[in-house]
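Engineer: quick one: sequence plus predicted model below, questions after.
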Amino acid sequence: MAAWTWRFEKADGAEVEPAVVPEEFTTQGDAESWIGEYFKELREGGADQVRLFEDGTQIYGPMSLHAEEAQPAEEPGDSPEEPQDSAE
C-alpha cells in the first residue's frame, strides 16, 4: 500500500518541523483533505509551503500555504469599459 506524506518548508525550501504532526496517509485524497483542514495551523507554525510525496517520490509541490486574497469575479456589464444595453 502506498504511503502519502507531506514535507513542510519555509519559502526558501528549507525543511521545517510542522506545527501539527501529520500521519502517513494511505490515499492522496486523505493527504489532501488533511492539508486542507490544517493549513492555517501549519502556516501559523512557520511553514510557508508543502510538497506531497508518494513512497518517497515527489508528486507535486511546492504548494504555498498562503492563500491569495480572493477577488470577486466581475459580472458581465460590471466593467465601465463594456457598453450596457439600456431599455429606456
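Structural biologist: Structure's in. What do you need?

Engineer: can we go C-alpha only for contacts and neighbour counts from here?
Structural biologist: Will do.

Engineer: what's the neighbour count on the residue lying closest to residue 50 once chain neighbours are set aside?
Structural biologist: Closest residue in space to residue 50, ignoring its immediate chain neighbours: residue 8 at 4.7 Å, by Cα to Cα, 6 or more residues apart in numbering. Using other Cα atoms under 10 Å, residue 8 has 25 other residues around it.

Engineer: dump the C-alpha coordinates for the strand or helix carrying residue 8 into CSV.
Structural biologist: Applying DSSP states H and E as the criterion places residue 8 in strand 4-9. Extracted in CSV, the C-alpha atoms of strand 4-9 (Å, rounded to 0.1, in the frame of the first residue of the first chain):
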residue,chain,number,x,y,z
TRP,A,4,1.5,9.6,1.2
THR,A,5,3.4,12.1,3.2
TRP,A,6,3.9,15.9,3.3
ARG,A,7,7.2,17.8,3.5
PHE,A,8,6.9,21.2,5.2
GLU,A,9,9.1,24.1,4.1
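
Engineer: ok, residues contacting that strand?
Structural biologist: With Cα atoms under 8 Å, 6 or more residues apart in numbering as the contact definition, strand 4-9 has outside contacts at 15-18, 22-28, 31, 47-55.

Engineer: repeat the analysis, applying 7 Å as the threshold.
Structural biologist: For strand 4-9, the external contacting residues (Cα atoms under 7 Å, 6 or more residues apart in numbering) are 15-18, 24-28, 31, 47-55.

Engineer: and the pLDDT for the residue nearest to residue 50?
Structural biologist: Looking at residue 8, its pLDDT reads 97.

Engineer: I'd like to know how far residue 25 sits from residue 6.
Structural biologist: 9 Å (Cα to Cα, to the nearest Å).

Engineer: show me which of those two is the more surrounded one.
Structural biologist: Neighbours around residue 25 and residue 6, counted as other Cα under 10 Å, are more numerous at residue 6. The numbers are 21 against 18.

Engineer: leaving out chain neighbours, which residue sits closest to residue 11?
Structural biologist: Nearest non-adjacent residue to residue 11, counting by Cα to Cα, 6+ apart: residue 48, 5.3 Å away.

Engineer: whoops, I mixed them up, residue 42
Structural biologist: Distance criterion Cα to Cα, 6+ apart; nearest residue to residue 42, sequence neighbours excluded, is residue 19 at 5.3 Å.

Engineer: that's all I had, so thanks and see you.
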